[in-house]
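In: here's my sequence, what's the structure:
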Amino acid sequence: MRVDRKNKTFISVQGAIDLLIVYLSYYLAVFPFNFSHPNQISVNDFILLIPFIMVIAFIFFQIFNVFDYGEYSYVDTIIAIGLSGLLTNIAVVVIAFGLNQTGVPSKLFIFSYIIQMIIFGIYKYFVDRIYQVILKAKQVVIVGCESDTSRVWSKINNISHKGFDVMADIHELNEDAMAVIQKAEAIFIMDDVSEDDKLRLLKFGIEADKDIYVIPNAFEIAVNQSRFSLVDDMPVFFIRNCRLAPEQRFMKRMFDVFVSILMILLTSPFMLVAAIGTKLHDKGPVFYRQERITKGGRAFGLIKFRTMVVDAEKHSGPVLATDKDDRITGFGAFLRMTRIDELPQLFNVLRGDMSIVGPRPERQFFIDEISRELPDFRQRLTVKAGITGLAQVSGKYSTQPVDKLKFDLMYITNYSMILDIRILLQTLKVVFSKESHK
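Out: As a prediction, this is how the structure comes out:
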């Protein structure tokens, strides 16, 4: 019998255990702290903070997808828990200061964080091993054109902890294909499958109790965010345009200004080190300026720390960078890995050329080139370009343009201030995650 990682009871139990570990870590921290600092902790002050601790921990666990059990590798899960715990402690210290709870010393949070990471490190290791034993992989088929199904096949097989085992890829829905699908537990439907075949697979999957995964096209992304409405007695889906309302633009601009100023202040030491390191490495210029395109097709000068050799495109012309590009300098590779090379774009945000969160800005050359194959690519220009975005926190460095476009369209159609904050925080996880650099 399969243990389903998406079972609500299973998720609730696992979530309760995770929060219980957070809860116990603070209590366990009291004992070593009292031993080294006797009579410094007020139990009443500490108890008053527990509700704040649990609520904030739950919020950060949600933001960093800690509750998506089995969806991420052990290392990525520990990174997510580490960031969640760190931000939870910072938030609670601020709250304790605001409530004047001086009976709970700041050092207690350091003790609790260490204990929490030790417990989670051991617990999640064994849970990860158990997953491999009791979570039987779903037998899936992929339906679509040959080139696309092979790409999806390789992605699924490269991520074993997703729990899928591809048994076949199908390019034509004949009787033999339907017999194969009948044996599968789940169906992956590619975005190039015809509407008639999608409806046929959907009907078959529902009747045969199969799990269905649809890789959406741009139209389906828009419809997914539509609102049910009526025209007289006729049911319709209302799809609003992708442009932000005036009040949304105002709030987003205030958010951009506040975050960019704060980040410039916090990251100025790193930018100083990056500037010195880039100059010393090969004596070339520190900054790299390039014309990029933002909202409405307007061109602007994007600023980054230089990570490639001087005149990298002098002979080749515009070429997209790859994860193993020999034009990248040794120090530049470090700047890219840590995302420090992106920090000067905070000044682009202050000037109003970019937002903190949005689709990454591209050069006109590549916009024209990609748009020939993906006409929907220009829809990204309905909002300002961003330093980070949904494509950056959900995809990888090597994610293909068609998939990045889908992430960008999902962001545009789902925009909210909460989503911007979530993406900004998840960017911290991306910096430390190995998978994001692959």
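In: so who does Asp169 touch?
Out: For Asp169, the contact set (Cβ atoms under 8 Å, 6 or more residues apart in numbering) comprises Val141, Ile142, Val143, Gly144, Glu146, Thr149, Ser150, Trp153. (C-beta placed from N, C-alpha, C; glycine too.)
In: with distance to Ala333 and secondary structure added, can I get these in a markdown table?
Out: Shown next, in a markdown table, are the contacts of Asp169 (distance: Cβ to Cβ, whole Å; DSSP: H, G, I helix; E, B strand; the rest coil):
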| residue | distance to Ala333 | secondary structure |
| --- | --- | --- |
| Val141 | 40 | strand |
| Ile142 | 35 | strand |
| Val143 | 40 | strand |
| Gly144 | 36 | coil |
| Glu146 | 36 | helix |
| Thr149 | 34 | helix |
| Ser150 | 30 | helix |
| Trp153 | 31 | helix |
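In: filter those down to the buried ones, ChimeraX style.
Out: To isolate the buried ones among the contacts of Asp169 in ChimeraX, judged by 16 or more other Cβ atoms under 10 Å, type:
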select :141,142,143,144,149,153
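In: now render the contacts of Asp169 as a markdown table, adding distance to Gly284 and pLDDT.
Out: Shown next, in a markdown table, are those (distance: Cβ to Cβ, whole Å; pLDDT from 0 to 100):
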| residue | distance to Gly284 | pLDDT |
| --- | --- | --- |
| Val141 | 52 | 89 |
| Ile142 | 47 | 89 |
| Val143 | 51 | 89 |
| Gly144 | 46 | 84 |
| Glu146 | 45 | 69 |
| Thr149 | 45 | 72 |
| Ser150 | 41 | 73 |
| Trp153 | 43 | 75 |
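In: remind me, longest helix of the chain?
Out: Ordering each helix of the chain by length in residues (DSSP state H) puts helix 246-282 first.
In: which other helices and strands contact the next helix or strand after it?
Out: Sequence-wise, the next helix or strand downstream of helix 246-282 (DSSP states H and E) is strand 287-293. For strand 287-293, the contact count by 3 or more Cβ pairs under 8 Å, 6 or more residues apart in numbering; DSSP states H and E identifies strand 299-305, helix 364-373 as packing neighbours.
In: which parts of the stretch 51-200 of the chain are strands?
Out: Assigned by DSSP state E, counting those that start in this stretch, the strands in the stretch 51-200 of the chain fall at 138-143, 164-170, 186-189.
In: which stretch in those strands has the least confidence?
Out: The minimum mean pLDDT among those belongs to strand 164-170 (a mean of 84).
In: before we move on, the earlier item: of the strands of the stretch 51-200 of the chain, which is nearest Leu280?
Out: Within the strands of the stretch 51-200 of the chain, the stretch nearest Leu280 is strand 164-170; the backing value is 47.6 Å (Cβ to Cβ).
In: paired strands for the closest one, with orientation please.
Out: strand 138-143 (parallel) (DSSP bridges).
In: which residues touch the partner strand?
Out: Under Cβ under 8 Å, 6+ apart, the answer for strand 138-143 is 149, 152-153, 156, 163-171, 173, 177, 180-181, 183-190, 193, 197, 201, 211, 213.
In: mind running it again at 6 Å?
Out: 149, 152, 163-170, 181, 184-189, 193 (Cβ atoms under 6 Å, 6 or more residues apart in numbering).
In: just stretch 46-59 next, same as before
Out: So stretch 46-59 is contacted by Val22, Thr88, Ala91, Val92, Ile95, Ala96, Val104 (Cβ under 6 Å, 6+ apart).
In: ok, stretch 335-347 next?
Out: Residues contacting stretch 335-347 (Cβ under 6 Å, 6+ apart): 260, 263-264, 267, 270-271, 274, 303-305, 307, 387, 431, 437.
In: nearest the middle, which residue of this structure would you pick?
Out: Compute the mean C-alpha point of the chain, and by Cα atoms, centre = their mean the closest residue is Val393, 2.6 Å away.
In: please tell me how far the residue nearest to Ala333 when sequence neighbours are not counted sits from Asp282.
Out: Spatially, and ignoring its direct neighbours in sequence, Ala333 is nearest to Thr307 (7.3 Å; Cβ to Cβ, 6 or more residues apart in numbering). Counting by Cβ to Cβ, to the nearest Å, the gap from Thr307 to Asp282 is 11 Å.
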